[in-house]
Each structure stands twice: as structure tokens, then as C-alpha cells.
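[1] dropping a prediction and its sequence here:
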Amino acid sequence: MTTKTTKNFTPFLIALVALTVLMQYPLASANAVVSETQDRVSLAISSVDDEKKLTALDKAMNYPELQKIANGWKQIGVNYYGTIEPFEVTSIEYTMKLPSGIQNNLNCDRLMAKIQIDLNTQEVISKNIPNQNTDCNASLELGRPSDQSNSVQIPTWIPTASAAGTTSGYLIAEQGSSSGRYGGFGFITTPTIDDTNIYANMDQFVAFTYNQDIGNKYKQVGWIVTTVDGAPGSGIYADNKYMAYVDETETGNLESQKINIGYVENSSGTVYVNCSGSVYHIQLWHNSQWFSHPTSTACTATNTSSPGDNSVFMETKNTWASSNWDQDIDSTVKAWSFKEWDSSSSYSNWNSSGNKKLTCGDPPILTSTTAITGSLASGGTATWATISQLPDC
């Protein structure tokens, strides 16, 4: 079976803030620039010594805190973290799941855990393991606009009382004519957040993500500001902001997962859903670091034809109609220079894009909006200029 060539926009260009240079080239020349370096992630991951990976996996699976909860954990995912200078994988994070029905000391069902290990020292550098204080029913599940026809989404993870029974409001910059594409990449801002006030002004979360529905499995990457906990083991806790991803092939739902790269305010990140090797990866470049998460979607799959699902959007499930959280995002929210991969293993600008607002409730209402200015078509910039118009739920 033929698989697509690895497609990764170079972190070296990002490290040198070389987007400006890249945009000066004709598209064909820019393709050549990217093609010279797009295999670096795949090469870095494949260069990791197998013995180091196995040692790290054994340490994660047999970690004492994990074993105190229960036996029978299964690995369901892996994340790679690396530096740009030197360009290499520095750590690996394993995601484990306790299958439903296995007795455990927390009396929780469907537990997850994540353990990140430095590949050079084999020391644990980050862990997200449920404990006696864990809310077994916590949930921070993002949304998919095409699912909004239901007045209430029923997630696989049972939501907390504060998270239950709400749909999402969206401000969407949708990717037009997106079917038959192989993912893509682009840039988003990480705005300044007023941590003193924003958590008191929300009862849920606000998220800003790049989204692709490929092989009928949703993939998202971006940032989240939340006042509710994520699912046990996700690494997401109330009253915090995170870089985060969603992989429906890993969790079976749209539960958000923390990316262990710190959120840097008034900066930017490069977000990807691209083929790397034989499967799609969800990737983030931010704060001079990179993250790559292999999904189980084969590179032979393409994205679906729902423009709203293939998009960049801001989403909220806040239910307070009088909420002032929008005033606590103190700098501009933007996205720009989004590309899509075609069947010839080269990329092109989005050929069209529409700015839409999707309300909560039953039935939801989808309309054009002036809350987003500009356009992501033709390599342009879209600005979420009036986020106060994001529908509360």
C-alpha cells in the first residue's frame, strides 16, 4: 500500500521567524523550501533508540503510583517532545488507559494517565495520574460543529454537573471546498489572558483550535482557558490555560488533552494535522519546542466535506449570559497563512473561507458573522475582532 510522503512544516523556519521570508517566495518555491525540511520530525522520531523507548515504556507502565491504583493498564497513545536547537526528540510521553470494568482503588471507570520521561536520563519529568482527590466524572470535551444538530451532546466520559447538558457556541473561519485534502497547517496567536479575573467570569471554558475531520475522526490542536477540570489523566485542571489537543482515535471522544509545552502569552504557535510516516500526526510548535502526537488514522484517509468541521474556530460552553470573560482576553486573537495538503504531496493556500457564527440550543442557528474580520482564504489573516459575539450557552 502506498502511503503519503511525510509532511511537516519546518520548526527551524519557525525558530527563525521565517514565515515572512517564506511568504516572499512564489508558492512553487515555498513548496521547495518546505520539502527540504519537512521530514525532520519523522526522522527525529525514527532516530530514537528502540531500547530507550522500551525502557521508558516499561518505567511508565510499572510506575508505582499507577500500580497502586490498579493492575491492567494498557498503552493507548504516545507523544513526542523535542527541541529546535539542537533538533531532536528529548522526551516521550505515554498515555495509558485502565479498561472499563477493572476494579481500582479510586472506584472510577475509564481512568487514564500520562507519564513523560526524559530519554537521556530516563527520569520522569511530568505525570498526570489520578488520585484520591480526582473527580471521576470530570470532563472537558470540545465540540464539532456538525454535531450541533443535537441539543445535548452525550460524551463517552460522563461530564460533571457544571459541564453537563450544554452545547457549544462558535465563531468559525471555515475551510471552503475542503474534501479530499490531507490536512494542513497554519499559525495562531496565544493572546494575553487576565488570570486575575477570567476564571471568575466563566463557568466553563473557551478554546481556540485548528480542526480537521479526517477519516471521520476529529483532530484538534490549539489553546484552552478553563474553569473546569478535564477528564482524569488529561492533565487539564480548573482555573488554568493550556496548549492542548484532541484525538478521537485515541480517546474515542473529543476530550481535550494537555500538551506539556507552557502557554506563552502574546506569542504564536504553529499548528498542524499532517501525515508523518504512515499516519496523521497532530503537531504544535510553540515556545521554541515542538510536540508530535501520532494518531491511528492512516495517511490514505482524507478530510470530510463539512467546512465548519475543517476550520479554525473559537468555542465556548460558558452558560452565563452576563459573562465578561471576553474582556479578560487582553490581546488580539488571530489565525493566518493556513495551507492544505493536496494529493500530490504539495500544499496550497485555502482556496476559500467563510466566517460563521453557530449558536447553542435546539435548533442551532448558523449565520455569517462580522465578529471575524479578514479571511483565511489565499493565505490571508482572520481576526476574531469581536469575541463578545461568541454565543453563550
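    Sure thing, it's come through.

[2] residue ranges in the stretch 1-150 of the chain under the pLDDT threshold?
    1-39, 149-150 (pLDDT under 70).

[3] ranges for the strands of it?
    Assigned by DSSP state E, counting those that start in this stretch, the strands in the stretch 1-150 of the chain fall at 74-83, 88-97, 112-118, 124-128.

[4] redo those strands as a markdown table? Include distance to residue 325.
    C-betas here are computed from N, CA, C, even on glycine. A markdown table is the format used below for the strands of the stretch 1-150 of the chain (distance: least, C-beta to C-beta, whole Å):
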| stretch | distance to residue 325 |
| --- | --- |
| strand 74-83 | 29 |
| strand 88-97 | 30 |
| strand 112-118 | 28 |
| strand 124-128 | 26 |
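
[5] any idea which of those strands is most buried?
    strand 112-118 (a mean of 22; mean count of other C-beta atoms under 10 Å).

[6] now it: how far from the chain's centre is it?
    Distance of strand 112-118 from the chain centroid (C-alpha atoms, centre = their mean, to the nearest Å) equals 18 Å.

[7] neighbouring contacts of that strand?
    The contact list for strand 112-118 (C-beta atoms under 8 Å, 6 or more residues apart in numbering) reads 56, 59-60, 63, 66, 73, 76, 79, 81, 90-98, 123-130, 231-235, 251, 257-258, 260.

[8] for the stretch 151-300 of the chain, give me the ranges with low pLDDT.
    Ranges of the stretch 151-300 of the chain meeting pLDDT under 70: 151-166, 178.

[9] where along it do the strands fall?
    169-175, 184-190, 205-214, 217-226, 240-247, 257-259, 267-276, 279-286, 289-298.

[10] Serialize the ones you listed to JSON lines and add fields for mean neighbour count.
    Formatted as JSON lines, the strands of the stretch 151-300 of the chain follow (neighbours: other C-beta atoms under 10 Å):
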{"stretch": "strand 169-175", "mean neighbour count": "26"}
{"stretch": "strand 184-190", "mean neighbour count": "22"}
{"stretch": "strand 205-214", "mean neighbour count": "26"}
{"stretch": "strand 217-226", "mean neighbour count": "25"}
{"stretch": "strand 240-247", "mean neighbour count": "24"}
{"stretch": "strand 257-259", "mean neighbour count": "26"}
{"stretch": "strand 267-276", "mean neighbour count": "24"}
{"stretch": "strand 279-286", "mean neighbour count": "25"}
{"stretch": "strand 289-298", "mean neighbour count": "21"}
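
[11] quick one: closest of those to residue 331.
    Proximity to residue 331 (C-beta to C-beta) singles out strand 184-190 among the strands of the stretch 151-300 of the chain, at 7.3 Å.

[12] strand partners of that closest one, parallel vs antiparallel please.
    Take DSSP bridges as the rule and strand 184-190 pairs in its sheet with strand 267-276 (antiparallel), strand 334-341 (antiparallel).
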